[in-house]
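**Student:** Below are the sequence and a predicted model for it; my questions follow.
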Number of protein chains: 4
Amino acid sequence: MYRVGLIGVGHIGAVHARNIARHPALTLAASYSRSPARREAFAAEHGGRASHCLDDILQASDIDAVMIASSTDSHSELLQRAARSGKPVFCEKPIDLSLAEARRAVAAVQDCGARVMMGFNRRYEESHAAVRTRVASGALGRLQIVQLTSRGPSRLAGVEYLRTSGGFFRDKGVHFFDLARFITGDEVEEVSAMGAALVHPEVRELGDFDTAIISLRMRGGVLCQIDNSRTASYGYDERIEAFGADGWVESCRQPAVAVRHAVGTELAAGPFPQNIYERIGGSYYRCIEGFADFLARPDTPAPTIEDGYAAQCIAEAAVLSAREGRSVRIDELETG
Amino acid sequence: MYRVGLIGVGHIGAVHARNIARHPALTLAASYSRSPARREAFAAEHGGRASHCLDDILQASDIDAVMIASSTDSHSELLQRAARSGKPVFCEKPIDLSLAEARRAVAAVQDCGARVMMGFNRRYEESHAAVRTRVASGALGRLQIVQLTSRGPSRLAGVEYLRTSGGFFRDKGVHFFDLARFITGDEVEEVSAMGAALVHPEVRELGDFDTAIISLRMRGGVLCQIDNSRTASYGYDERIEAFGADGWVESCRQPAVAVRHAVGTELAAGPFPQNIYERIGGSYYRCIEGFADFLARPDTPAPTIEDGYAAQCIAEAAVLSAREGRSVRIDELETG
Amino acid sequence: MYRVGLIGVGHIGAVHARNIARHPALTLAASYSRSPARREAFAAEHGGRASHCLDDILQASDIDAVMIASSTDSHSELLQRAARSGKPVFCEKPIDLSLAEARRAVAAVQDCGARVMMGFNRRYEESHAAVRTRVASGALGRLQIVQLTSRGPSRLAGVEYLRTSGGFFRDKGVHFFDLARFITGDEVEEVSAMGAALVHPEVRELGDFDTAIISLRMRGGVLCQIDNSRTASYGYDERIEAFGADGWVESCRQPAVAVRHAVGTELAAGPFPQNIYERIGGSYYRCIEGFADFLARPDTPAPTIEDGYAAQCIAEAAVLSAREGRSVRIDELETG
Amino acid sequence: MYRVGLIGVGHIGAVHARNIARHPALTLAASYSRSPARREAFAAEHGGRASHCLDDILQASDIDAVMIASSTDSHSELLQRAARSGKPVFCEKPIDLSLAEARRAVAAVQDCGARVMMGFNRRYEESHAAVRTRVASGALGRLQIVQLTSRGPSRLAGVEYLRTSGGFFRDKGVHFFDLARFITGDEVEEVSAMGAALVHPEVRELGDFDTAIISLRMRGGVLCQIDNSRTASYGYDERIEAFGADGWVESCRQPAVAVRHAVGTELAAGPFPQNIYERIGGSYYRCIEGFADFLARPDTPAPTIEDGYAAQCIAEAAVLSAREGRSVRIDELETG
């Protein structure tokens, strides 16, 4: 049984706490929030002790692993402190909204030789993972094109969230930049992005996009297309397809319930999942399963901090590409 | 090039004439109707001569094959005359609404050694034929269950048609009784049928059914279910599935157009085909192709007059079963 | 919080215990098995105390509800004892394999005025429930045909289970007899069944069926078709469709994972769920949710003991129909 | 009845000739090829006279309309001569592989006030047209993203064809550049393209691409993604989806036959159409229907020569973008 210490008791912290409770090899031993009231309430609901300081988790002998689910601006510092503690770490993306700061965190983690798993849960979505498995099996032959679509959910996030999200490419796009690397098993060489604010005036006022398309060229030649919309009237719509010289595979858009009916003369299937959790909710549990495996066996494949950094580099390149109307090579950033 | 003489210039005669025109090995040489005006108009539209009497087709040296598409009550006599002519014959189902009369026609055809193909076009529907092919290949292993669904079209046929149709089992059911034999490659042993007039008062007044379910037990043990409705609000809905110990195959209900769209939060595919021709229209041409093959090669498999008679026997058994509330064995009829 | 006392600690008892643990308003307070070792082990895993006798559950002041998940032959006696205790009861189907004994249990429960919910979990399957909701809404207009298909899972149950199951109609069929009543909201009037042992020699040796089709006529005229196979090579395949004068609705066969891929030139979706839990596993939890609602609000609709008895009557009629080759009216049994 | 004179008797000429024969308002009156043998053979098969010179079509009083289906390098000159003849013209795409030459043809046609319809048959594909209809209806609200996928067929065209095709963007891409304009009802502002030769060495040797992705920004803000592959192992795979603030619509990939079956534990639908004609063959006839309407009513919407030119401009921009690794604005070309 691995005893997990959780830093951050917000929405995603609670999702992880519930999945830890379901997992036979994990237990939530402690949780920390700067707010005494919130950490006490969280501990009362999810079990374990309410830690009064970070070191009650980072330095505690009865904590086997650290989970960072706090606000984005604290990730980098916490990653560095946790890395120095010698405990294995699970960290929510992103590392930091500043690429320079993210680079410092990566370097610190590498210096300590710390084991860090980034919380790219979509890699653990059963249907997405099946796409990767099929591509990796070679069944598709020479991979040619990967498409990643994510639109929705039905409601726009609040303006406060949007303001601190780092923008559409860094916030939403980054999941699919990671998936493009994961599905192809390759690195991005070149990024070309277009964004627009077509639907939500509040997004436009922030100078951000609600609609975006991105083209990626991988080093090995595969071409990837990503399309994202912050909202979709009909629900949460996510799909991936991979196409190669010998075959094709898709993680499909799929109704939330296995029902079809006639609507007038049409055949309706549905309804669509209305939020992210209905579509990919299972991936959060499987991601925690992946973390338990990561704790148990050092050679377990899991998204690394370098993966986190790579996805953020692609996001930066997308931001630059959309601004300057040109393809941006990833090595422009890395040498910068 | 086979020169076809057509008897009967109604709706189905015109369907066949158009398909004969499309077929490279067939030509419509003559057509006959009792009405001089109708046969002249038909010949003007479809080509070939308007025959003023049956013998201008049956005895003509420039006619290679006879097609009977006249009204049901003339089929038996025409079959017998055409059989005596020595020409190969294509005949629309049924042989006759009276089973005794149908038996006489079969005997006459057998006496002459005439080659007769019954127009069971659904055997030629591409998706239905694929079910038969898969069953026959052995890929399904021991066949267990066959289901045949046919509901629709959206509009009820006119009362005049209903009155002379012979009733729901003899009119609509008979196609699926034939398909049950075709798909399984076996003979029916036992029939159990239930019928109801749930939707159309005019059907009820005729003492007929608009809704029916039929269970068949084949000699080899396979169990078949048929369900039929005279109408379906959403269109023409026909599907077949076959299930065996090693697999499963379905000729699916399928939208008429390959379009999907969101309707509110639902995923709609459609619309449904609105009439029989949209769903199985292609089978009429493939059936004519089958006739051309039947003319060219004596060993071409095609629905025989015995197939026509067998399907009608099942319809009689269904009528009896629904009336008496019991299973009816086919051999009760045949010894009768 | 309702404190549940569980009688029976086998496979289905464990399923319920896990779902009780997930439910915020229920807690497992005690569990009983005749075997001291098994009840201790169960309590250690699932919580609550290991009761050393039935009265430690039935008469305990700290138990709010009784759940019967013991072997079938004990249901009737336990139902009667639990009913007398005055506590609300959840009971696994069937009431008893003997219809006469089941009738006694129903009478005893009715005498006590006890509240009993039968564990017909398929009523709680989200997609099946959606069919009922749509039918009940009137959107389908005059209901005409209901089809219920259930084939699978991939492996045959052990011979020991088959021997005590009461036969295919009483064991598997009964779920769909209940669903036919649930979906139509009507009572069965007439039953016509055919069964066969086509695939499994061990089933044939028991004089049982592995393949069956059943036709039902409801009092209000709706016609139902059920088809069942004990196994399906490709997995667990369950679907329901309801067809009415104004529309159609289906709880579909659906792949277990939202993936499609090309196999040669074909488009494959899948794979199929391999066992019952993958297809309808969620219904067990929703059924427990239904039980919590049933405890909280006396007017909560839930399957009653009378529903349990009605489904068993249809099973008896199916047995009789298959044996005698005739339609059996339900009132033949009830007057018997 | 409109009498059509056909110039060019190759593959596509024969497709059109067969569709003209099926159409009740059109007749093939003459056909011309430089080769006397080929034009005689063509006339023998398809009817009409074999014209010995172009003027026997362009200047003939018994020809109502001219159809240009000759080799690409002759289109521009023929368009100009046909335009001067005063007859309405149907012309296969492209106008010319040289944009400057194409511009001359457009100007000449405009000078004459000639009526020209370009053969963009995909606009007439039933499912693609349904996407346009739905977008135009406003049901999708503010349009955000359009995706156009076309991969296949299973076999690569011959090297000789590839050599004269003008390259992947001009040859295959141009159909989807036209569809992007057609679906959105808007003009392209900016093009960003990536191409690769990943699969076919013979394509790489020609300096051409077999795989490409293109991003378009429309003037009104809509973002379009196109992905193309010269071949697809599983068949011909074409789909379009349009996504807007209020809805979504797709012209789907769809099996060629309405059959599903279990393959092991998977549910297979298929097979895929193996060539372009199986997927969009119907569009060639509907396009000819469109031409008949265009002849009958001057205000019939149809793809114009300006549409042909616009699509070619996008292709040129794609070529430039892929070469220079930057977004190319369409007005760079037009001012060029």
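**Tutor:** Noted; the coordinates are in hand. Residues are numbered from 1 along each chain as shown, chains lettered A, B, ... in the order given.

**Student:** Please enumerate the helices of chain A.
**Tutor:** Using DSSP state H, the helices assigned to chain A run over residues A:11-22, A:36-46, A:55-58, A:72-85, A:99-112, A:126-137, A:159-164, A:168, A:174-184, A:201-205, A:276-296, A:305-324, A:330-335.

**Student:** Mind checking the ones you listed for the one nearest to chain B?
**Tutor:** helix A:276-296 (11.1 Å; C-beta to the nearest C-beta). In short, each C-beta sits where N, CA and C put it, glycine included.

**Student:** Identify each buried residue in that closest one, please.
**Tutor:** Of all the residues in helix A:276-296, those buried under the rule 16 or more other C-beta atoms under 10 Å in any protein chain shown are A:276, A:278-280, A:283-292, A:294-295.

**Student:** Need the winner for burial among the helices of chain A.
**Tutor:** Comparing the helices of chain A by mean neighbour count (mean count of other C-beta atoms under 10 Å in any protein chain shown), helix A:168 comes out on top with a mean of 28.

**Student:** Let me know whether that one sits next to chain D.
**Tutor:** No. Remark: helix A:168 sits outside contact range of chain D, by C-beta under 8 Å from any C-beta of the partner chain, the gap being at least 12.4 Å.

**Student:** contacting residues for the nearest residue in space to A:Glu125 that is not next to it in sequence?
**Tutor:** Nearest non-adjacent residue to A:Glu125, counting by C-beta to C-beta, 6 or more residues apart in numbering or on different chains: A:Ser283, 3.8 Å away. By C-beta atoms under 8 Å, 6 or more residues apart in numbering or on different chains, A:Ser283 lies in contact with A:121-126, A:128.

**Student:** Run through the residues of the stretch 51-200 of chain A sitting next to chain D.
**Tutor:** Within the stretch 51-200 of chain A, the residues that sit near chain D (C-beta under 8 Å from any C-beta) are A:141-142, A:144-145, A:147, A:149, A:151, A:190, A:192, A:194, A:196, A:198-199.

**Student:** could you redo the last one with a cut-off of 7 Å?
**Tutor:** Proximity of the stretch 51-200 of chain A to chain D is confined to A:142, A:144-145, A:147, A:151, A:192, A:194, A:196, A:198-199 under the rule C-beta under 7 Å from any C-beta of the partner chain.

**Student:** Low-confidence stretches in the stretch 151-300 of chain A?
**Tutor:** For the stretch 151-300 of chain A, applying pLDDT under 70 flags no range at all.

**Student:** Could you rerun that using 90?
**Tutor:** Segments of the stretch 151-300 of chain A classed as low confidence (criterion: pLDDT under 90) are A:154, A:164-165, A:253-281, A:298.

**Student:** out of everything not next to it in sequence, what's closest to the most centrally placed residue in chain A?
**Tutor:** For chain A, the residue sitting closest to the mean C-alpha position, by C-alpha atoms, centre = their mean, is A:Phe120 at 3.6 Å. Nearest non-adjacent residue to A:Phe120, counting by C-beta to C-beta, 6+ apart: A:Pro303, 4.2 Å away.

**Student:** Model confidence for that neighbour, exactly?
**Tutor:** In this prediction, A:Pro303 carries a pLDDT score of 98.

**Student:** Could I get the contacting residues of it?
**Tutor:** Taking C-beta atoms under 7 Å, 6 or more residues apart in numbering or on different chains, we find A:Pro303 in contact with A:117-118, A:120, A:123, A:178.

**Student:** Can you give me the distance of the residue nearest to the centre of chain A to chain C?
**Tutor:** As judged by C-beta to the nearest C-beta, to the nearest Å, A:Phe120 and chain C stand 19 Å apart.

**Student:** contacting residues around that residue?
**Tutor:** A:Phe120 makes contact with A:93, A:178, A:303, A:307, according to C-beta under 7 Å, 6+ apart.

**Student:** Now with 8 Å, please.
**Tutor:** Contacts of A:Phe120 (C-beta under 8 Å, 6+ apart): A:93, A:175, A:178-179, A:182, A:287, A:303, A:307-308, A:311.

**Student:** thinking again about what came up before, export the helices of chain A to JSON lines and append columns for distance to D:Leu206.
**Tutor:** Shown next, in JSON lines, are those (distance: least, C-beta to C-beta, whole Å):
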{"stretch": "helix A:11-22", "distance to D:Leu206": "52"}
{"stretch": "helix A:36-46", "distance to D:Leu206": "63"}
{"stretch": "helix A:55-58", "distance to D:Leu206": "61"}
{"stretch": "helix A:72-85", "distance to D:Leu206": "49"}
{"stretch": "helix A:99-112", "distance to D:Leu206": "40"}
{"stretch": "helix A:126-137", "distance to D:Leu206": "28"}
{"stretch": "helix A:159-164", "distance to D:Leu206": "48"}
{"stretch": "helix A:168", "distance to D:Leu206": "39"}
{"stretch": "helix A:174-184", "distance to D:Leu206": "26"}
{"stretch": "helix A:201-205", "distance to D:Leu206": "44"}
{"stretch": "helix A:276-296", "distance to D:Leu206": "43"}
{"stretch": "helix A:305-324", "distance to D:Leu206": "29"}
{"stretch": "helix A:330-335", "distance to D:Leu206": "29"}
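
**Student:** By neighbour count, which of the contacts of A:Ser283 wins?
**Tutor:** The most crowded member of the contacts of A:Ser283, judged by other C-beta atoms under 10 Å in any protein chain shown, is A:Asn121 (26 neighbours).

**Student:** how near is that one to A:Tyr2?
**Tutor:** 19 Å (C-beta to C-beta, to the nearest Å).

**Student:** hmm, who's touching stretch A:28-46?
**Tutor:** So stretch A:28-46 is contacted by A:3-9, A:13-14, A:17-18, A:20-21, A:47-54, A:56-57, A:60, A:62-63 (C-beta under 8 Å, 6+ apart).

**Student:** per-domain residue ranges of chain A.
**Tutor:** Domain ranges of chain A: A:2-118, A:122-335, per automatic domain parsing.

**Student:** measure the shortest one end to end?
**Tutor:** Looking back up the chat, that one is domain A:2-118. 18 Å (C-alpha to C-alpha, to the nearest Å).

**Student:** same check, this time on stretch A:148-158
**Tutor:** 25 Å.

**Student:** With chain C in mind, check whether it reaches it.
**Tutor:** No. Using C-beta under 8 Å from any C-beta, stretch A:148-158 stays clear of chain C, coming no nearer than 13.2 Å.

**Student:** Give me the buried positions along that stretch.
**Tutor:** Under the neighbour-count criterion of 16+ other C-beta under 10 Å, stretch A:148-158 has A:148-154 buried.

**Student:** Export those as JSON lines, with columns for distance to chain B.
**Tutor:** Formatted as JSON lines, the buried residues of stretch A:148-158 follow (distance: C-beta to the nearest C-beta, whole Å):
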{"residue": "A:Leu148", "distance to chain B": "19"}
{"residue": "A:Thr149", "distance to chain B": "14"}
{"residue": "A:Ser150", "distance to chain B": "16"}
{"residue": "A:Arg151", "distance to chain B": "11"}
{"residue": "A:Gly152", "distance to chain B": "11"}
{"residue": "A:Pro153", "distance to chain B": "11"}
{"residue": "A:Ser154", "distance to chain B": "8"}
